[in-house]
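K.L.:
Generate coordinates for the sequence data below:
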Amino acid sequence: MAGLINSEDIAAVKARSSIEDVVREHVTLRSAGPGSLKGLCPFHDEKSPSFNIRPAVEAWHCFGCGEGGDVISFVQKVDHLSFSEAVERLAQKLGMELRYENGDRPREEGLGRRSRLVEAHRVAEEYYTELLLGSPAARQARDFLRARDFNSEHVKQFGVGFAPRGGEDLVRHLRAKGFTDDELVTGGIAGRGARGLYDRFRGRLVWPIRDITGDTVGFGARRIFDDDRIDAKYLNTSETPIYKKSTVLYGLDLAKKKISQGRRAVVVEGYTDVMACHLAGVETAVATCGTAFGADHIKTLRRLMRDEAGLAPARVIFTFDGDAAGQKAAMRAFADDEKWTSQSFVAVEKSGKDPCELRQAGGDPAVQALIEDAVPMFEFAVRTTIKRFDVGTAEGRIQAVRAVAPIIASIRDQSLRPEYTREVSGMLGLDVEQVATEVSRAGKIKVDEDARTERSDRGDRGDGRDDAEPHVADGGGMPVPDRRDPVIHAERQLLQVLLQFPAVFKPGAIDLLTPEAFSAPAHRAVFDGIRIAHHSGDQGNARAWTSAVTEAAPSPVAGLVSELAVDTLPTRMDASTGLPTSRYVDELFDRVRTIALTRQIADSMSEMRRLDHAETPSPERTRELGIQLQTLQRELAAIKAGMG
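P.N.:
From the prediction side, this is the model:
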């Protein structure tokens with residue numbers, strides 16, 4: 001092995017390396033008084049900057065975590081290097097040749113491991129790019145890029161390449177350059193099989209993944225041949241001594257300067273999206289590499305953007321695909337929103353195009369407009385959540401407000417919650433007070449849920465669920481009506497009367513009801529059968545009537561029809577006729593109709609409120625609803641007058 005680095009060379013590296021320039025590769029700095037600069041510490045998470053450097057004495061210190069030292073110790077800690085590797089890295093940047101104590105020049109194997117692995121990746125990147133630009137075998141890869149409006153200049157700018165299909169081409173090339181088999185395997189460039197080493201990436205379009213300083217530390221490779229034996233669309237370098245996917249962002253080496261200057265970052269989902277954004281003038285775009293956007297990525301961007309309390313908010317914009325996976329990714333990002341001081345936004349193109357597709361369809365202005373038209377993360381999270389529910393029904397609106405209440409409750413700035421509460425009430429067509437109550441309750445539930453999680457971790461398996469799913473009847477897939485609900489109980493009694501004593505109703509009475517008058521899906525299905533049988537069956541024969549209803553109703557509620565046909569009514573019968581009293585029947589009939597009309601009126605008023613907050617106004621629908629409301633209110637008033 002080579003000996004220690006010459007002490008004079010170490011002193012020279014330290015003297016010639018600017019601690020300010022080195023630190024700025026990782027941290028955005030600002031003045032902290034005469035001769036001092038400060039920023040967010042790269043070694044612990046913080047909201048206010050406590051990391052300080054003094055360029056005049058080439059020293060750094062963090063008053064938050066207590067770490068400190070010189071330029072060499074900073075490189076050691078930030079890049080996880082040994083002392084020798086840190087000196088070698090700084091010397092490499094200076095273009096300085098180091099001397100070792102036991103010889104004028106270090107042997108190749110004596111260089112720091114990180115330097116060797118980085119150099120292997122640099123040589124591999126050059127090899128891949130050369131093949132992409134000139135090899136006939138890379139024609140399909142060139143066609144892939146050309147179809148997305150990328151040319152040879154773009155290939156050179158981003159270092160895109162082509163991995164040959166042979167299986168050992170890159171291994172032979174790197175061996176010829178002096179790299180050992182262990183270095184190729186350790187760096188994730190090659191794999192080791194029964195017959196020796198093989199290229200990790202074969203027959204794929206390849207992107208170099210660089211760290212924040214611009215060193216290539218890994219690759220991302222896309223499938224382009226149909227006969228590729230590996231089905232995965234993308235392959236990425238596995239975790240290595242120089243590559244940690246949870247901390248690396250593709251394109252950050254190109255974007256870091258603009259991110260720092262504008263205090264704005266754009267997070268996209270793929271390599272071609274980063275390319276499209278940068279070429280369209282959105283030069284702050286970055287992407288994760290085979291993993292979800294997480295806490296370490298947030299820390300990296302926060303340091304660059306000076307995402308600090310007390311400053312004007314920085315701005316981070318996420319672009320997600322419009323599909324379900326993209327929406328899920330957006331909700332994950334919202335869950336991490338509290339880790340930022342900056343304002344978070346989401347940009348989703350209405351037709352679902354990603355930035356690369358958008359650039360092809362509409363050119364650079366379309367990509368720029370996508371980013372500029374981004375909506376607040378909160379708004380996107382709320383609208384995405386509400387879409388899961390049918391807000392045209394009272395049940396759907398209640399489910400929706402309970403789902404979005406925790407989102408409002410999690411907003412960092414409590415002074416904004418009342419305004420967001422009003423906004424959500426408009427989206428759902430509910431009273432502000434009702435939404436505010438759910439938000440307040442969601443805050444309490446969150447604490448309870450956290451406590452329950454802690455109890456569960458200790459082995460306490462108590463249930464205590466308030467949001468249990470309704471029981472579903474066997475084989476039917478239809479929720480069993482909850483007889484504890486007074487409305488459901490009234491509906492059930494009316495169906496019992498209709499099945500057991502259909503003759504007590506006045507002619508035409510059944511036609512005044514519709515299946516929608518019943519709130520329980522199973523009750524709607526039973527009444528649908530009654531309505532059909534009423535127009536075609538004989539109501540005089542009890543057995544024939546029940547059979548006709550059973551045959552007309554959907555099969556999942558056949559058992560419920562039989563149950564309702566024999567269950568005892570909870571009322572006294574008329575002693576002279578043996579039938580329910582006319583007063584009982586009329587009150588039951590009017591009550592169900594009144595509840596149904598009240599529900600319809602609430603639905604219509606809710607829709608009108610939602611139209612007031614809709615992105616696209618609909619005057620015609622608003623007029624229709626106004627007329628509908630008047631009709632429903634007159635009908636309800638007539639029933640109440642008759643009941644009085």
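
K.L.:
where do the helices sit along the stretch 301-450 of the chain?
P.N.:
324-335, 355-372, 377-386, 394-409, 417-428, 432-457 (DSSP state H, counting those that start in this stretch).

K.L.:
Can you lay out the ones you listed as TSV showing distance to Ile224 and mean pLDDT?
P.N.:
For every residue, glycine as well, the C-beta is placed using N, CA and C. Listed next are the helices of the stretch 301-450 of the chain as TSV, based on distance: least, Cβ to Cβ, whole Å; pLDDT from 0 to 100:
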stretch	distance to Ile224	mean pLDDT
helix 324-335	22	70
helix 355-372	15	94
helix 377-386	33	83
helix 394-409	40	86
helix 417-428	44	83
helix 432-457	45	57
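
K.L.:
Tell me which of those sits nearest to Asp574.
P.N.:
Between Asp574 and the helices of the stretch 301-450 of the chain, the tightest spacing by Cβ to Cβ is seen for helix 394-409, at 35.7 Å.

K.L.:
any idea of the angle that closest one forms with helix 417-428?
P.N.:
Relative orientation of helix 394-409 and helix 417-428, computed by axes from the mean of the first three to the mean of the last three Cα atoms, to 10 degrees: 160 degrees.

K.L.:
Let me know the angle separating helix 394-409 from helix 377-386.
P.N.:
Counting by the same axes, to 10 degrees, helix 394-409 lies at 160 degrees to helix 377-386.

K.L.:
show me what contacts Arg383?
P.N.:
Neighbour list for Arg383: Met427 [criterion: Cβ atoms under 8 Å, 6 or more residues apart in numbering].

K.L.:
and the gap between it and Met427?
P.N.:
Distance of Arg383 to Met427, given as Cβ to Cβ, to the nearest Å: 7 Å.

K.L.:
quick one: pLDDT of Glu635?
P.N.:
Note on Glu635: pLDDT of 81.

K.L.:
next one: the one 5 residues further on
P.N.:
Per-residue confidence for Lys640 comes out at a pLDDT of 76.

K.L.:
Now it: closest residue in space that isn't a chain neighbour?
P.N.:
Thr594 (7.0 Å; Cβ to Cβ, 6 or more residues apart in numbering).

K.L.:
Then Glu130?
P.N.:
Nearest residue to Glu130, sequence neighbours excluded (Cβ to Cβ, 6+ apart): Gly161, at 7.7 Å.

K.L.:
so what's that neighbour bridging to?
P.N.:
Val206 (DSSP bridges).

K.L.:
how near is it to Arg139?
P.N.:
With Cβ to Cβ as the criterion, Gly161 and Arg139 are 14 Å apart.

K.L.:
what about these two, which has more around it?
P.N.:
Between Gly161 and Arg139, counted using other Cβ atoms under 10 Å, Gly161 has the larger neighbour count: 26 against 11.

K.L.:
And the more buried one, how far from Asp227?
P.N.:
Gly161 sits 21 Å away from Asp227, taking Cβ to Cβ as the criterion.

K.L.:
and if you look at Arg492?
P.N.:
Distance from Arg492 to Asp227, counting by Cβ to Cβ: 63 Å.

K.L.:
And Val171, which helix or strand is it part of?
P.N.:
In this structure, Val171 sits in helix 169-176 according to DSSP states H and E.

K.L.:
So which bits of that helix are buried?
P.N.:
Asp169, Leu170, Val171, His173, Leu174, Arg175 (16 or more other Cβ atoms under 10 Å).

K.L.:
Okay, now the unreliable bits of the stretch 51-200 of the chain?
P.N.:
For the stretch 51-200 of the chain, residues meeting the criterion pLDDT under 70 lie at 102-112.

K.L.:
Okay, strands next: where are they in it?
P.N.:
51-54, 59-62, 68-69, 161-163, 190-193, 196-199 (DSSP state E, counting those that start in this stretch).

K.L.:
Serialize those strands to TSV and add fields for distance to Leu252.
P.N.:
Shown next, in TSV, are the strands of the stretch 51-200 of the chain (distance: least, Cβ to Cβ, whole Å):
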stretch	distance to Leu252
strand 51-54	19
strand 59-62	22
strand 68-69	25
strand 161-163	19
strand 190-193	26
strand 196-199	26
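
K.L.:
Compare the ones you listed and give me the one nearest Val348.
P.N.:
Nearest of those to Val348, taken as Cβ to Cβ: strand 161-163 at 31.2 Å.

K.L.:
so who does Tyr127 touch?
P.N.:
Gly161, Leu170, His173.

K.L.:
Just put the helices of the stretch 301-450 of the chain in JSON lines and tack on distance to Pro554.
P.N.:
Formatted as JSON lines, these follow (distance: least, Cβ to Cβ, whole Å):
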{"stretch": "helix 324-335", "distance to Pro554": "30"}
{"stretch": "helix 355-372", "distance to Pro554": "44"}
{"stretch": "helix 377-386", "distance to Pro554": "30"}
{"stretch": "helix 394-409", "distance to Pro554": "20"}
{"stretch": "helix 417-428", "distance to Pro554": "31"}
{"stretch": "helix 432-457", "distance to Pro554": "34"}
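
K.L.:
Mind checking those helices for the one nearest to His535?
P.N.:
Comparing the helices of the stretch 301-450 of the chain by Cβ to Cβ, helix 394-409 comes nearest, at 29.5 Å.

K.L.:
Which strands and helices lie in contact with that closest one?
P.N.:
Applying 3 or more Cβ pairs under 8 Å, 6 or more residues apart in numbering; DSSP states H and E, one finds that helix 394-409 contacts helix 377-386, helix 417-428, helix 432-457, helix 582-612.

K.L.:
neighbours around Glu620, how many?
P.N.:
Glu620 has 8 neighbours, counted by other Cβ under 10 Å.

K.L.:
Just the element for it, please.
P.N.:
Going by DSSP H and E, Glu620 is in helix 619-643.

K.L.:
what packs against that helix?
P.N.:
In terms of contacts (3+ Cβ pairs under 8 Å, 6+ apart), helix 619-643 is packed against helix 582-612.

K.L.:
What mean pLDDT does the helix it packs on get?
P.N.:
What helix 582-612 shows for mean pLDDT is 84.

K.L.:
tell me the angle it makes with helix 394-409.
P.N.:
Taking the same axes, to 10 degrees, helix 582-612 and helix 394-409 form an angle of 40 degrees between their directions.

K.L.:
so how far is helix 582-612 from its chain's centroid?
P.N.:
Offset of helix 582-612 from its chain centre (Cα atoms, centre = their mean, to the nearest Å): 39 Å.

K.L.:
What are the buried residues along that helix?
P.N.:
Residues 584-586, 588-589, 591-597, 599-604, 606-611 are the ones in helix 582-612 that count as buried (16+ other Cβ under 10 Å).

K.L.:
Report back the residue of the protein that's furthest from centre.
P.N.:
Going by Cα atoms, centre = their mean, the residue of the chain most distant from its centre is Ser576, 67.8 Å out.

K.L.:
Surely it is within a strand?
P.N.:
No - using DSSP: H, G, I helix; E, B strand; the rest coil, the assignment for Ser576 is coil, not a strand.

K.L.:
quick one: it from Asp586, how far?
P.N.:
Distance from Ser576 to Asp586, by Cβ to Cβ: 18 Å.

K.L.:
Mind splitting this protein into its structural domains?
P.N.:
Per automatic domain parsing, the domain ranges recorded for the chain read 7-110, 113-236, 252-383, 388-457, 486-643.

K.L.:
how about TSV for the ones you listed, with distance to Ile242 added?
P.N.:
TSV is the format used below for the domains of the chain (distance: least, Cβ to Cβ, whole Å):
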stretch	distance to Ile242
domain 7-110	9
domain 113-236	5
domain 252-383	13
domain 388-457	36
domain 486-643	47
